[in-house]
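Colleague: Kindly return the folded structure for what I paste below:
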Amino acid sequence: MDAPVRRLIKPTTPRTVHLLNLRGALPAPVQGEATTESDFVQVAALCPATRYIVSQPETLQLPGQTYTPDYRVETLDGRISIWEVKLEAKVPKHRALFNQAAKQLEARGEQFFAISEKTLRRRQQHQVVRLVLRYAKGYFDPAEAATVERYLFTHPVGTSIEALMLLPGVTRELLFHLIATRVITFAGALSTAAHSRLIHTDYLENKDALHLARWLGVSPWRSDV
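Modeller: Residues are numbered from 1 along each chain as shown. Purely as a prediction, here's the structure:
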């Protein structure tokens, strides 16, 4: 697994930088500069398609300038996508830069995405993810976890949180733990409401960058727009 090409966390760093250790979701800690990047890492980590995330992965040599994107994400199909997390108000002035980066990455078979804080926090999904991830490290009875898995294996389209909690020994906290460790996941929008439908991750049709993009609510960057 690659290390960042430039260090975010230094003794003299004047800004807030987070080191996110999301055991159960990611194999290694990931750096996040500012709250928006931390939100991205957490939301992307909970996506069942994500294998790993690396911050500041490389420096691209572009015409007349260099550019270091924020993240490289590998999905379970083995494909790589490159992500920039940017305040929405700053996206327009970086469009030319992102166009160049997208073209270069496309030439080597990688997709480029830019995501803003408004997209990340749409429908409060970042808060849902923070809540769920709290339960990643907890201990729960394996037999009760197996009860949930067996039930969802017989319901390929998923079942509501409310219905699952009617099973013997199944609690809301256990369901959150299984989501945080990516055994099960949300069948639709990220929500902890009683009617929210959960599905076993084995029933997901795709575990690729486009699944991750749908999870985050964005499309690949279009350099021709």
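Colleague: Which pLDDT value goes with the residue most central in space within the chain?
Modeller: In the chain, the centroid-proximal residue (C-alpha atoms, centre = their mean) is Ala44; its distance is 0.4 Å. In this model, Ala44 is scored at 95, pLDDT.
Colleague: Give me the phi and psi for it.
Modeller: When read as degrees, to the nearest 10, the backbone of Ala44 gives phi -70, psi -40.
Colleague: which residues sit in contact with it?
Modeller: Thr50, Ile53, Tyr71, Val73, Trp83, Leu212, Trp215, Leu216 (C-beta atoms under 8 Å, 6 or more residues apart in numbering). No exception for glycine: its C-beta is placed from N, CA and C like everyone else's.
Colleague: can you pull up the bridge partners for the fifth one?
Modeller: Listed by DSSP bridges, the beta-bridge partners for Trp83 are Tyr71, Phe113.
Colleague: That one touches Thr75, doesn't it?
Modeller: No: counting by C-beta atoms under 8 Å, Trp83 sits too far from Thr75 to count as a contact (11.8 Å).
Colleague: Pick out whichever of these two has more residues nearby.
Modeller: Ranked by neighbour count (other C-beta atoms under 10 Å), Trp83 and Thr75 place Trp83 first, with 28 against 23.
Colleague: any idea how far Glu74 is from that one?
Modeller: Trp83 is 12 Å from Glu74, where distance means C-beta to C-beta, to the nearest Å.
Colleague: Can I get the contacts of Ala44 in a markdown table including distance to Leu164?
Modeller: Formatted as a markdown table, the contacts of Ala44 follow (distance: C-beta to C-beta, whole Å):
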| residue | distance to Leu164 |
| --- | --- |
| Thr50 | 24 |
| Ile53 | 29 |
| Tyr71 | 33 |
| Val73 | 29 |
| Trp83 | 32 |
| Leu212 | 25 |
| Trp215 | 21 |
| Leu216 | 25 |
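Colleague: Out of these, which is nearest to Leu26?
Modeller: In terms of C-beta to C-beta, no member of the contacts of Ala44 lies closer to Leu26 than Ile53, at 6.2 Å.
Colleague: tell me the pLDDT at the closest one?
Modeller: For Ile53, the predicted pLDDT is 96.
Colleague: three-state assignment of it?
Modeller: Classification of Ile53 by DSSP: H, G, I helix; E, B strand; the rest coil places it in strand.
Colleague: who are the neighbours in contact with it?
Modeller: Shown in contact with Ile53 (C-beta under 8 Å, 6+ apart): Leu26, Val30, Val41, Ala44, Ala45, Tyr71, Arg72, Val73.
Colleague: Now Pro29, what are its backbone angles?
Modeller: Note on Pro29: backbone dihedrals following degrees, to the nearest 10 are phi -60, psi 150.
Colleague: Backbone torsions only: list them for the closest residue to it other than its chain neighbours.
Modeller: Leaving aside its chain neighbours, Pro29 sits nearest to Asn21 (4.4 Å; criterion: C-beta to C-beta, 6 or more residues apart in numbering). For Asn21, the backbone dihedrals are phi -100, psi 100 (criterion: degrees, to the nearest 10).
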